[in-house]
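> One predicted model, sequence on top.
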Amino acid sequence: MRPNPVRRAAGAALVALLLAGCSSLNPFAAKDPPPACPVAIVVDDLSRMTEFRPGTGRDLADVVHSAAIERVDASCEYDRRRKVTVQTVVNLIVERGPADRTRKADLTYFVAVADPQGRVTARETFTTPVRFEGNFTRMQTSEETEQVIPLGGGSGAGYRIYVGFPLTPEQLEANRKRAR
């Protein structure tokens with residue numbers, strides 16, 4: 001027995017009407033836009049780092065390596081328990097200097113979470129090893145981190161994720177001079 005095309009079309013129309021009448025079952029119903037993610041920011045004064053060989057020399061010949069945080073990308077997911085999980089990708093560039101003898105660099109950077117009032121609520125430090133293979137003197141690497149922010153019923157929109165290098169006072173002053 002062959003199915004009746006009129007009966008099949010009527011059945012499909014009935015199902016479509018039922019789904020349209022009940023938005024919780026309708027997979028095509030408009031959904032609320034997702035809440036905004038916390039903003040990820042590279043701290044300007046802490047975005048570059050130069051390491052010199054031990055001693056007092058501070059010219060180009062004394063550079064072991066220099067690094068920069070090129071940018072930070074972030075995405076997030078909210079869950080029903082009122083927290084947001086933020087995945088950040090820290091994009092780093094490192095250059096080997098003339099004083100380097102090991103062909104490697106261990107880059108240390110931090111990721112900090114600040115609440116809407118600007119208070120730092122969490123801070124974590126990460127170290128990324130970089131190896132200079134062959135004749136390469138410049139390397140680019142990306143590191144993924146994850147921050148979990150409890151919200152207590154609010155949105156993550158007012159939160160900020162700050163990324164930078166933990167610098168010595170001398171390195172910080174050199175960055176500030178370079179920016180001027």
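The structure has been received and is ready for your questions.
> hey, C-alpha coordinates of the top strand by length along the chain in CSV?
Among the segments of the chain that qualify as a strand by DSSP state E, the longest is strand 63-79. Taking C-alpha atoms only, strand 63-79 is exported to CSV below (Å, rounded to 0.1, in the frame of the first residue of the first chain):
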residue,chain,number,x,y,z
VAL,A,63,70.0,40.6,25.1
VAL,A,64,69.3,37.0,25.8
HIS,A,65,65.8,37.2,24.5
SER,A,66,62.8,39.5,24.2
ALA,A,67,59.2,38.7,24.1
ALA,A,68,55.8,40.4,23.4
ILE,A,69,52.2,39.4,24.0
GLU,A,70,50.8,40.1,20.6
ARG,A,71,47.2,39.7,21.6
VAL,A,72,44.8,37.7,23.7
ASP,A,73,41.7,36.0,22.4
ALA,A,74,38.8,34.9,24.6
SER,A,75,35.6,33.0,24.5
CYS,A,76,33.3,31.9,27.2
GLU,A,77,30.5,29.6,28.3
TYR,A,78,27.9,30.1,31.0
ASP,A,79,26.5,27.3,33.0
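> which helices and strands does it pack with?
Contact here means 3 or more Cβ pairs under 8 Å, 6 or more residues apart in numbering; DSSP states H and E; on that basis strand 63-79 packs against strand 39-42, strand 48-52, strand 83-96, strand 104-114, strand 160-164. In short, each C-beta sits where N, CA and C put it, glycine included.
> Pull up the pairing partners for that strand, direction included.
Using DSSP bridges, the neighbouring strands of strand 63-79 in the sheet come out as strand 48-52 (antiparallel), strand 83-96 (antiparallel).
> Now do the contacts for Gly97.
Residues counted as contacts of Gly97 (Cβ atoms under 8 Å, 6 or more residues apart in numbering) are Thr50, Glu51, Leu60, Asp62, Val63, Val64, His65, Ser66.
> hang on, the earlier thing: any chance of the strands paired with strand 63-79 in JSON lines, with mean pLDDT and mean neighbour count too?
Formatted as JSON lines, the entries for these read as follows, by pLDDT from 0 to 100; neighbours: other Cβ atoms under 10 Å:
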{"stretch": "strand 48-52", "mean pLDDT": "95", "mean neighbour count": "21"}
{"stretch": "strand 83-96", "mean pLDDT": "95", "mean neighbour count": "18"}
